[in-house]
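# Give me a model of this one.
(one chain, ligands or ions: 1)
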Amino acid sequence: MELKNLEQLFQQKINDDIKIEPKDWMPDAYRKTNIRQISQHAHSEIVGMLPEGNWITRAPSLKRKAILLAKVQDEAGHGLYLYSAAETLGISREEMIDQLHTGKAKYSSIFNYPTLTWADMGAIGWLVDGAAIINQIMLCRTSYGPYSRAMIRICKEESFHQRQGFEILWVLSQGTEEQKAMCQDAINRWWWPSLMMFGPKDSDSPNTGQSMQWKIKIKTNDELRQQFVDMIAEQVKVLGMTLPDPYLQWDEKKLHYHFGEINWEEFWNVVNGNGPCNKQRLHARKKAHEDGLWVREAAAAYAAKRNNKSSKVVA
Ligand code: BYC
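Here you go, the predicted structure:
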C-alpha cells in the first residue's frame, strides 16, 4: 500500500478512537513522539522516587513510614510499566536509561526541587500527584494501546497517593502553630513548580498541535493546568491554608479560577538542567545504576544457565 494511503488509514483509526497497537503500521514521527513522551514519563517516575526516598528514614511514625515506602515502591512499578510500554515501540531499556544518564532525555521538572520538611511529603502527594493524575486521567484515553493501558493501572494507585498527601497536610493543619506554618510553607514552595508540570503555555508548546491530532494528548497543557487550579483552589480551603498567588480569583463569567503568571524563566532553567537539584538527581540515578551492575549481571547469568538447561532437556 502507498504511504499516503497508510497515513490516511492510520488517521482514520485515530479519528474513530481505535487504539494503535505495537504491530500496527504507524508514521515514524508518531512512533518517535510516543517513545519520547513515554520514556520521559518513565524517567519521571524513577527520578521521582528520590525526593520522597529522602524521607523514608525520617517519617514521623511507623505507619507513615510504611505508607511512604509503599508509595515509593508504587512509583518504581509505574516506571517499569512505562519502560515496558516504550519497549513495544522498538527502543531498548538500555537505550532509554542511557538517554537519561547522558542528559538527552528529559524528566519532569518538579523532581529537581528539594524536600526540606516532612510537610513536603504531604505537598508532593496532594499537589504533585494531583497534577500527575489530572494529566494521566487524560492519558488513559491516549491513542497508543500499551500506554493507555499502563495509565489505567497507574491512575488507580495515584489516587491513593494524592489522598495520603492531602491527609498528611490535613493532620498538620489541625496541629500546633509550628505544624500549621510548616504546612503553609510546603504549599508555598510546591505550588508554582506543580503548575509547571503541565509544560509550557500552549502558544509555546512545539509538540501539542501534532500530539492532539494524533490523540496522544487529548487536552492541551493549558486546559489541564486550568483544571488543576480549579480543583486545588477549592481543596486548599478545607485545609484552611492559602495558595501563594495574589491574582488567584474566581471568574464568574469564565467559571474558572483566574491565576497569576508562571515564572517561565525558572521553568526553562530547571528543564535545561539548572534547577536546584538537577545535578544531584542525575548523580544519584547514575550511582544506583552502577551499584546495581552486579545484580543485572547475576540475573543475566542465571537466565543464561536456565536457558541452557531447558534447551538440553528439549534436545
Ligand atoms: N518538565 O511541547 P511540549 C509522577 C518539555 S511522575 C520537563 O508541551 P509535550 C510522580 C517537553 O518534554 C509523572 N520537561 O511537550 C512520580 C518538550 O521537550 P522535548 C510525570 C518538560 O511532550 C514520583 C518541551 O518541554 N508525568 O506522577 O507535548 C512521585 C516542550 O513541551 C516539562 C508525565 O511525565 C516539564 N514539566 O508535553 C510523585 C506526563 N514540560 O521532549 C509523582 C507525561 C514540558 O521536545 N508527559 N517539557 O525535548 C506529558 O504529558 C507531556 O510530555 C507534557 C509535555 C505535558 C509533560
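
# For residue 111, give me its contacts.
Residues near residue 111 by C-beta atoms under 8 Å, 6 or more residues apart in numbering: 44, 47, 48, 50, 51, 277, 281. No exception for glycine: its C-beta is placed from N, CA and C like everyone else's.

# Near the ligand, list only the ones from those.
44, 48 (C-beta under 6 Å from any ligand atom).

# Identify, from the contacts of residue 111, the entry nearest to the ligand.
Checking the contacts of residue 111 against the ligand with C-beta to the nearest ligand atom, the nearest one is residue 48 at 2.4 Å.

# Next, the contact list for the closest one, please.
Applying C-beta under 8 Å, 6+ apart to residue 48 gives the contacts 75, 107, 108, 110, 111, 128.

# How about the residues of the stretch 201-315 of the chain by the ligand?
Near the ligand, when you scan the stretch 201-315 of the chain using C-beta under 6 Å from any ligand atom, you find 205, 206, 207, 208, 211, 221, 271.

# what do you get if the cut-off is 5 Å, keeping everything else the same?
205, 206, 207, 211, 271 (C-beta under 5 Å from any ligand atom).

# Scan those residues and report the most crowded one.
Counting neighbours by other C-beta atoms under 10 Å, the top entry in those is residue 211, with 20 neighbours.

# helices or strands up against the helix or strand containing residue 73?
Taking DSSP states H and E as the definition, residue 73 sits inside helix 62-87. Helix 62-87 makes packing contacts with helix 28-47, helix 49-53, helix 93-101, helix 145-173 when contacts are defined by 3 or more C-beta pairs under 8 Å, 6 or more residues apart in numbering; DSSP states H and E.

# relative orientation of that helix and helix 28-47 in degrees?
160 degrees (axes from the mean of the first three to the mean of the last three C-alpha atoms, to 10 degrees).

# tilt between helix 62-87 and helix 145-173?
Computed by the same axes, to 10 degrees, the angle separating helix 62-87 from helix 145-173 equals 160 degrees.

# Report the rounded mean pLDDT for helix 62-87.
Mean pLDDT, computed over helix 62-87, is 97.

# low pLDDT regions in this protein?
Scanning the chain for pLDDT under 70 picks out 313-315.

# mind redoing it with 90?
1-4, 308-315 (pLDDT under 90).
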